[in-house]
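Student: have a look at this prediction, sequence included:
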Amino acid sequence: MTLEFHKLTEQVDRMGQYFAEQAEETEDKVEIAWQILNAHADEAFLPYILERVQDAVDKDAGYRGARPIDEPITQAYPPALIPDSATIVATDGSQIHPNRHQAAQYYLLNIGTIVVDHGSGEPPLVSSEPYLFYERGYLLSPDFSEIKATVVNARRTVAEMAALAEHTWHHRGDARPLIAMLDGGLLFIATSEVPDRNQLLGIYFSAMTRLEEVGAGLAGYVDRPRSKFVARMLHLLDMDAEYVSRNSLGAEGRLGALQDAPIFAQLLHPGERTALFVQMSPQNKEFRRRGGEAQEITFFYMNVAARDEKPNIVRVEVPMWVANERDLIAEMQALIYLQCQQLASSRFPYVLTRSHELAIVKREESRQLDTMIQVAMTRHGIPGRASDKEMGKTLTNAVRRQGMNGRPHG
Amino acid sequence: MGAPMDEPVGRVLRASTESFSAGARAEMLNVPPFGQVVKVQPREEGRAVIYGLLYDTRIDDDPMVRQLVLADTVSEEMVRDQRMHRITPVEMSVLCIGYLSAQGVRHTLPPHPAMSLDAVHMCTSQEVRAVTERFDYFRLVLNSGMVPSEQLLAAHLLLSSETHDNEQDQYAYLVEAGREIARLLSNDLPRLDNLLRLIYPM
């Protein structure tokens, strides 16, 4: 049975109405946010803000907001002029998760990388590296249960960072600034269900250290951020210090569930960024503890919209060693903005679009790999056959695709 | 005309006895011109070299290329990335006009179609002269429903005439070809008139 759209018409209409009301509410909350921001706009308020944040931390009040580094919080910071030359390395990964209905248990990571010699007119270097994991040690947890998708995702994240460091290291002698980009935040979070968590963290930090050693501008690019770090800071500033507690910080307050992006949409012109902030989270504390102060994760928001478009706010995460180099930040800003202007209607860095394209494993390719594995197993005398459920799904999906396209694939 | 003759200009994507399509990278430095004689060099012994006329070159798009086309500024590195690395091949369509037999070039459809991934080469001047020495393939071109036959034959004759050493020989070749066309199109004067105008030396 296909989706019966006529039964959804009314629900979809109600959904549209709901979002319109939400947008109105957001506008009101943004106004309140700016009242609080403006009350603390002067640079002289910075020590006070830092003191309030420290107070919340000391009270162990579960503060998860932002902490400004050293810049006034209501100011916009323009990018540098676009550098004549630069090297931009970007990496992304994709995976095939283990599927117990396939002929054999395995998972695959595929890491795509692009290296752009900006200003040279030369074609970029592109590559993708697939890694197949099929041994029991990779597929089973210590209690012999099958690993979950989150484990594969954690290993992919680490493989992305390791590949980024490897490629950037090889290009350390190329044109500067040297920018190393990933799609997503930089805070690697592996839950306790990841059995090799500590080992993965070790690899992740080694890769970051390698990037620091070559002076690379490491950046994690977060498109359409939903984060509330600054809104939480404003919530903190909006209450008297004596009332700060887990309960009061956890409550919504006047700002409700307001996210940071709409707040800064009012401030930033295309290409500009906000002040730099530190994420106050247990994960970042752990980063600082294990990797040192230089690897603490900081962030800024920037507007990547074209000149005549509505604001398009993204979050860029950088480690402290990058945050301390403001000239590098300004050049990075200029290059990210340029990258986001390469496609007509998608304000997403070209290098990340391409590294994603290099990494992505299409469904058809996944099926071909399954066939290759089945053939290899048969060649070695093992019956390789997908489960009946899997074969049934393949058949029904094929029928549906034929129906949609009017003709069979291929 | 671009790449050295021993380098393939593309590889066969799909084929029938009558025609084939070849794919090449979008970096179009060595795509042969419309009307050029090309050949398919089979990978295995026992299959004949096939000759054909290039009658169409297509450059496909995809959503990303469409986005780049509409963008205000696209850097040179991105353009070259698209052309060198992305899977948007230039597709060349070729009408078969003959094959190489033990007795020489035969102007009939080949006994077997080209095979996928066979290399497609531009013919050397010597090969073009050998293939176009006789005009038995004109009827095949003029009767083909899948090609712009008059435009194709005219472009092909003008290109082929250039393989002759001097202007006098080139002129003589075109006059000879014109006579054959007049014979074939004697009952279709508008087409004949059009084709003769197209190949008339400027």
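Tutor: Yes, it's here.

Student: any idea of the mean pLDDT for whichever helix in chain B runs longest?
Tutor: Longest helix in chain B, counting residues (DSSP state H): helix B:167-184. Here helix B:167-184 scores 95 as its mean pLDDT.

Student: how about stretch A:71-85?
Tutor: 97.

Student: follow-up on the earlier one: what residues sit buried inside the helix or strand that comes right after the longest helix of chain B?
Tutor: Under the assignment DSSP states H and E, the closest C-terminal helix or strand after helix B:167-184 is helix B:189-199. By neighbour count on 16 or more other Cβ atoms under 10 Å in any protein chain shown, the buried set for helix B:189-199 is B:192, B:195-196, B:199. Where C-beta positions appear, they are placed from N, C-alpha and C, glycine not excepted.

Student: how about stretch A:317-336 as CSV, C-alpha atoms only?
Tutor: Below are the C-alpha coordinates for stretch A:317-336, written out as CSV (Å, rounded to 0.1, in the frame of the first residue of the first chain):
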residue,chain,number,x,y,z
GLU,A,317,33.4,25.0,15.5
VAL,A,318,37.2,25.5,15.9
PRO,A,319,39.6,24.3,18.5
MET,A,320,41.2,26.9,20.8
TRP,A,321,44.5,26.8,18.9
VAL,A,322,42.6,28.2,15.9
ALA,A,323,40.5,30.6,18.0
ASN,A,324,43.6,32.2,19.3
GLU,A,325,44.7,33.1,15.7
ARG,A,326,42.2,35.8,14.8
ASP,A,327,43.8,36.5,11.4
LEU,A,328,43.5,32.8,10.5
ILE,A,329,39.8,32.9,11.7
ALA,A,330,39.1,35.9,9.4
GLU,A,331,40.7,34.2,6.4
MET,A,332,38.9,31.0,7.2
GLN,A,333,35.6,33.0,7.3
ALA,A,334,36.4,34.5,3.9
LEU,A,335,37.1,31.1,2.4
ILE,A,336,34.1,29.4,3.9
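
Student: ok, that stretch near chain B or not?
Tutor: No. Applying Cβ under 8 Å from any Cβ of the partner chain, one finds stretch A:317-336 out of contact with chain B, separated by at least 10.8 Å.

Student: which residues sit against stretch B:177-186?
Tutor: Here stretch B:177-186 makes contact (Cβ atoms under 8 Å, 6 or more residues apart in numbering or on different chains) with B:135, B:138-139, B:142, B:153, B:157, B:191-192, B:195-196, B:199.

Student: which positions within the helix or strand in which residue A:26 is found qualify as buried?
Tutor: Using DSSP H and E, residue A:26 sits in helix A:9-39. Neighbour counts over helix A:9-39 (16+ other Cβ under 10 Å) mark A:26, A:29-30, A:32-34, A:36-37 as buried.

Student: now those residues as JSON lines including pLDDT and distance to residue B:46?
Tutor: JSON lines is the format used below for the buried residues of helix A:9-39 (pLDDT from 0 to 100; distance: Cβ to Cβ, whole Å):
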{"residue": "A:26", "pLDDT": "95", "distance to residue B:46": "73"}
{"residue": "A:29", "pLDDT": "96", "distance to residue B:46": "78"}
{"residue": "A:30", "pLDDT": "97", "distance to residue B:46": "76"}
{"residue": "A:32", "pLDDT": "96", "distance to residue B:46": "82"}
{"residue": "A:33", "pLDDT": "97", "distance to residue B:46": "78"}
{"residue": "A:34", "pLDDT": "97", "distance to residue B:46": "80"}
{"residue": "A:36", "pLDDT": "96", "distance to residue B:46": "83"}
{"residue": "A:37", "pLDDT": "96", "distance to residue B:46": "80"}
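
Student: thinking again about what came up before, between the buried residues of helix B:189-199, which is nearest residue A:87?
Tutor: residue B:199 (53.8 Å; Cβ to Cβ).

Student: let's have the contacts of stretch B:177-186 in TSV, adding pLDDT.
Tutor: Listed next are the contacts of stretch B:177-186 as TSV, based on pLDDT from 0 to 100:
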residue	pLDDT
B:135	96
B:138	97
B:139	96
B:142	96
B:153	97
B:157	97
B:191	95
B:192	95
B:195	95
B:196	94
B:199	93
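
Student: for the residues you listed, give me TSV that also has distance to chain A.
Tutor: Output for the contacts of stretch B:177-186, formatted as TSV (distance: Cβ to the nearest Cβ, whole Å):
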residue	distance to chain A
B:135	40
B:138	37
B:139	35
B:142	33
B:153	35
B:157	38
B:191	36
B:192	41
B:195	38
B:196	44
B:199	40
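
Student: coming back round to it: now the buried residues of helix A:9-39 in JSON lines, with distance to residue A:3?
Tutor: Below are those laid out as JSON lines (distance: Cβ to Cβ, whole Å):
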{"residue": "A:26", "distance to residue A:3": "30"}
{"residue": "A:29", "distance to residue A:3": "35"}
{"residue": "A:30", "distance to residue A:3": "36"}
{"residue": "A:32", "distance to residue A:3": "41"}
{"residue": "A:33", "distance to residue A:3": "39"}
{"residue": "A:34", "distance to residue A:3": "42"}
{"residue": "A:36", "distance to residue A:3": "45"}
{"residue": "A:37", "distance to residue A:3": "44"}
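
Student: next, the residue in the stretch 251-400 of chain A that chain B sits nearest to: secondary structure please.
Tutor: Nearest residue of the stretch 251-400 of chain A to chain B: residue A:344, at 3.3 Å (Cβ to the nearest Cβ). The three-state assignment at residue A:344 reads coil, by DSSP: H, G, I helix; E, B strand; the rest coil.

Student: please name the nearest non-neighbouring residue to it.
Tutor: Leaving aside its sequence neighbours, residue A:344 sits nearest to residue B:70 (Cβ to Cβ, 6 or more residues apart in numbering or on different chains; 3.3 Å).

Student: and if you look at residue A:293?
Tutor: Spatial nearest neighbour of residue A:293, excluding adjacent residues (Cβ to Cβ, 6+ apart): residue A:320 at 6.0 Å.

Student: the one you found is in contact with residue A:291, isn't it?
Tutor: No. Counting by Cβ atoms under 8 Å, residue A:320 does not reach residue A:291; the two are 9.5 Å apart.

Student: number of nearby residues for whichever residue of the stretch 51-200 of chain A sits closest to chain B?
Tutor: Closest to chain B within the stretch 51-200 of chain A is residue A:123: 3.6 Å, counting by Cβ to the nearest Cβ. The local packing of residue A:123 (other Cβ atoms under 10 Å in any protein chain shown) involves 19 other residues.

Student: how about residue B:8, what does it touch?
Tutor: So residue B:8 contacts B:41, B:119-121 (Cβ under 8 Å, 6+ apart).
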